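Q: Below are the sequence and a predicted model for it; my questions follow.
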Amino acid sequence: METKTKVQTNGSIPIYGLGLLKSMYVTMRTLLKRSVTVQYPRERLPIPALSRGRLIMKGAIDEAVPDVLVSDVMPPCQVACPANVDARGYIGLVAAGRYDDAFELHLEKNPIPAIIGRVCPHPCEDACRRGEEDEPVTICWIKRFMADNVSAERLNKVYTPPKIRKGKKVAVIGAGPAGMSAAFYLAKCGYDVTVFDRFPKVGGMLTVGIPEYRLPESIVEKEVENLKRLGVKIQLNTPFGPGGLTLDDLKKQDFAAVFLGIGAHEPMELEIEGEHLIGVIPGEVFLARDRLGQDIGMGKKVAIVGGGNTAIDCARVALRMGADKVTILYRRTRKEMPALDAEVEDALEEGVKVEFLVAPVRVLGRDYVKQLELLRMELGPPDESGRRRPVQIKGSEYTIDVDTVIPAISRTPETDWLKEAGLDCNKRDAIVVDPETGRTNRENIFAAGDAVTGPSIAIDAIGTARKAAMGIDRHLNGGQLSEYWSNAFNREDTMKNRYEDLPNREHPEKLDPKERITNFDEVEKTYPRTIAIKQAERCLSCMTQRCIACHICEKNCPTRAITVRDSQNGERMVDVYELDYGRCQFCKICVEMCPTTTLSHTPDFGLGTYTRKGAVYGKNRMLGVDQ
């Protein structure tokens, strides 16, 4: 049965028909004119208001573009960062050779850059617009260079305790990325901060969950010393909860507020037969024993279950601890592995084996692990994570000889004692908070990090902890934020210009695989100065609305209607920008591809006075397409 759609009319002619007739008239009038080329800044051709796809270019074309471009609009990298770190800003400063200024700017959103520059999976780089042209800017490695090269004078400046003190004490429970971040921002606001942690070392999962070859202990100690400069007190070997400190204890000690950054340290079980035999060691426990110098209890034939970064870390540590054979067992394919590709490649280079599409069924042995029974899998429809769900292949069971099994599948917060203390927790055992302030249901108690979000990346914990610190400050400061939050780093002044003729993404040097499996030395090296600056210069300064002569509009124009001519004086500026209206088909690709949003079209784009959206909507309606 044919479906008809009514079209609203104005008199005897449909309103969409009026628009189309008007558009056809404008189009034919334009086509009858000869093709012209407009050159900026020497020529300016007035374009009629009704011209199709009129192009607007913001910013001065004939002026040199500074290295450090400031905009109130977040670029894609900053939006993708859970802590909204201003990557565009600090990378521009690094490109200008201003490492100290870059460091100070970075502290506004992330107070432990030397750590994060080594362990972050950098979602910012996944969003980098440079990646659409060749490869993303090496944001994380540039951050590491910046943090490793800040001057002692600037460190003394930024880690000097504020002169104005609040006279109020805040307790921070947990010395991981969330706790360290909350302590930093609260100390900068003038509060007396004491950090309590159950481990003998500061860092939380940064210390007990990340191997030394990725994050040297000296780097964590350096960040801790910076906190101490601000006046932060740190009390280790202090368990919290049953048998240790309680929320009531802290209240008796006159702490005005408590921040909970306890992380998610409870390993999830495989829930299979034989899981509690001697030789089955949860991944988090395995890594913690290594970092704390405890006996690991590992054999020579090691199987790791899981596909995340923890599984990769366990495998590489096992090799360094003397295992003869290390195999990762993952129930999906390499494509679905959540671990970083670079980490997987490093593990393979070092001799780790990976078996895909297998899952453990039971651990075999009497008292000790002897074998692991596996079942082959195939991929079915996607699950809630978007990855294809593994489906068992019946009758495909087989066994492998092992003496150590390391489950590394996930972890949860330890919150039973918090529930008993009256805090609301959800079904995932995470603490329930106000997402904007970190405030819990109990007065003066705030929380952030993995204890709230579940297991996540360190920069996520930092972002939520910063919000919670602001929430604590507003709560204790009469509803007002301290001056610290409004004293943003000043990014004025420029030093040098960037150039379009730059190398592609360059990886830092690494130790040879044969050498690195014999020790726990840091595998990746920090960029040398020359490479760090060149890589920083690759940044496209997205969303600044200033042309940087990147030529992306020219390269992506399907009709070659655009020609960009760079300045001949070696500076990053444009002498001539040509748009050939005889070739231009008003496809808007140049506008959509422009990383700085310098280019835009008038609302007249499309059919006559219709906007693009309006025209498509009207066409669908007239054709009877369901909305």
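A: Done, it's in. Numbering: from 1, shown residues only.
Q: Where do the helices of the stretch 401-550 of the chain begin and end?
A: 416-420, 450-453, 458-476, 513-516, 529-536 (DSSP state H, counting those that start in this stretch).
Q: Just the pLDDT at the residue most central in space within the chain, thanks.
A: Centroid-nearest residue in the chain: Pro123, 3.2 Å away (criterion: CA atoms, centre = their mean). What the model reports as pLDDT for Pro123 is 96.
Q: Now do the same for Val433: its pLDDT.
A: Per-residue confidence (pLDDT) for Val433: 97.
Q: and the residue nearest to the centre of the chain, what does it touch?
A: Neighbouring residues of Pro123 by CB atoms under 8 Å, 6 or more residues apart in numbering: 80-82, 457. Glycine gets a C-beta too; all of them are placed from N, C-alpha and C.
Q: Would you mind giving these as JSON lines with distance to Arg154 and secondary structure added?
A: JSON lines is the format used below for the contacts of Pro123 (distance: CB to CB, whole Å; DSSP: H, G, I helix; E, B strand; the rest coil):
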{"residue": "Ala80", "distance to Arg154": "28", "secondary structure": "helix"}
{"residue": "Cys81", "distance to Arg154": "23", "secondary structure": "coil"}
{"residue": "Pro82", "distance to Arg154": "26", "secondary structure": "coil"}
{"residue": "Ile457", "distance to Arg154": "27", "secondary structure": "coil"}
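Q: Let's see if you can find the most crowded of these.
A: Top of the contacts of Pro123 by neighbour number is Cys81, holding 25 neighbours under the definition other CB atoms under 10 Å.
Q: So it is in contact with Glu125, correct?
A: No - using CB atoms under 8 Å, Cys81 is not in contact with Glu125; the gap is 9.9 Å.
Q: Determine the residues that are contacts of both of these two.
A: With CB under 8 Å, 6+ apart as the test, Cys81 and Glu125 reach no residue in common.
Q: To Gln545, which of the helices of the stretch 401-550 of the chain lies closest?
A: With CB to CB, the closest approach to Gln545 among these belongs to helix 529-536: 20.6 Å.
Q: Give me the residues contacting the helix or strand following the closest one.
A: The first helix or strand that comes after helix 529-536 along the chain, using DSSP states H and E, is helix 552-556. By CB under 8 Å, 6+ apart, the residues outside helix 552-556 that reach it are 133, 540, 562-564, 589-590, 593-595, 599.
Q: try 10 Å this time
A: Outside helix 552-556, the residues within contact range by CB atoms under 10 Å, 6 or more residues apart in numbering are 55, 57, 129-130, 132-133, 500, 540, 547, 560-565, 577-579, 587, 589-596, 598-599.
Q: When you filter those down to buried only, what's left?
A: 55, 57, 129-130, 133, 540, 547, 561-564, 577, 579, 590-591, 593-596, 598-599 (16 or more other CB atoms under 10 Å).
Q: List just the one of the helices of the stretch 401-550 of the chain that sits closest to Asp295.
A: Closest to Asp295 of these is helix 513-516 (CB to CB; 23.5 Å).
Q: Show me the helices in the stretch 51-200 of the chain, by range?
A: Assigned by DSSP H, counting those that start in this stretch, the helices in the stretch 51-200 of the chain fall at 76-80, 87-95, 99-106, 113-119, 123-127, 139-148, 152-158, 177-188.
Q: What are the buried residues along stretch 78-87?
A: By neighbour count on 16+ other CB under 10 Å, the buried set for stretch 78-87 is 78, 80-87.
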